[in-house]
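Undergrad: 3D model of this:
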Amino acid sequence: QILLVESGGGMVQAGDSLTLSCAASGGTFSNYAMGWFRQAPGKDREFLTGINWSGTNTYYAAVVKGRFTIARDNAKNTVHLHMRSLTPEDTAVYYCAAGQKYFYRDYRRYYYLGQGTQVTVSS
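TA: Numbering: from 1, shown residues only. Here you go, the predicted structure:
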């Protein structure tokens, strides 16, 4: 079983950049594809991006393509989400997830999900 812990959230202003990290422990990190999701108040959990086990393949939702970048470091058991040009619409709790396929858009298809980190973007 893998434990995922997100970090790096906080309050930023519109136009700022922010990098989230997700640290994995308790399992073989490189066995898993990783994904990032977010959930804004009153909205469903939304897929953002996924990366395969080796980091060679990535997949982005249209809403973040070109602004967000996913990357992983298997030696450090971490996956990062680099976010730029943030807007108030990016305000949400951000979650990382570990699963079998990096292109799964439904978080319920992932095996493990972190507790989330809050990102608040002010205008």
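Undergrad: And the residue nearest to the spatial centre of the chain, how far from residue 78?
TA: Closest residue to the average C-alpha location of the chain: residue 36 at 2.5 Å, with CA atoms, centre = their mean. Relative to residue 78, residue 36 is positioned 13 Å away (CB to CB, to the nearest Å). (Each C-beta comes from the backbone N, C-alpha and C, glycine too.)
Undergrad: Quick check: neighbours shared by the two?
TA: Residues touching both residue 36 and residue 78 (CB atoms under 8 Å, 6 or more residues apart in numbering): residue 22.
Undergrad: what's the closest residue in space to residue 30 that isn't next to it in sequence sitting at in phi/psi?
TA: The shortest distance from residue 30 to any non-neighbouring residue, by CB to CB, 6 or more residues apart in numbering, is to residue 74 (4.4 Å). Main-chain dihedrals, residue 74, degrees, to the nearest 10: phi -70, psi -30.
Undergrad: do the same with the one 3 residues further on
TA: For residue 77, the backbone dihedrals are phi 50, psi 40 (criterion: degrees, to the nearest 10).
Undergrad: just to revisit the earlier point, what's the one helix or strand the residue nearest to the centre of the chain maps to packed up against?
TA: According to DSSP states H and E, residue 36 maps onto strand 33-39. Judged by 3 or more CB pairs under 8 Å, 6 or more residues apart in numbering; DSSP states H and E, strand 33-39 is in contact with strand 18-25, strand 46-51, strand 68-73, strand 78-83, strand 92-99.
Undergrad: Just give the strands next to that strand in its sheet, each with its orientation.
TA: Strands that pair with strand 33-39, judged by DSSP bridges, come out as strand 46-51 (antiparallel), strand 92-99 (antiparallel).
Undergrad: could I get those as a markdown table with mean pLDDT, distance to residue 29 and mean neighbour count?
TA: Shown next, in a markdown table, are these (pLDDT from 0 to 100; distance: least, CB to CB, whole Å; neighbours: other CB atoms under 10 Å):
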| stretch | mean pLDDT | distance to residue 29 | mean neighbour count |
| --- | --- | --- | --- |
| strand 46-51 | 98 | 12 | 22 |
| strand 92-99 | 98 | 8 | 23 |
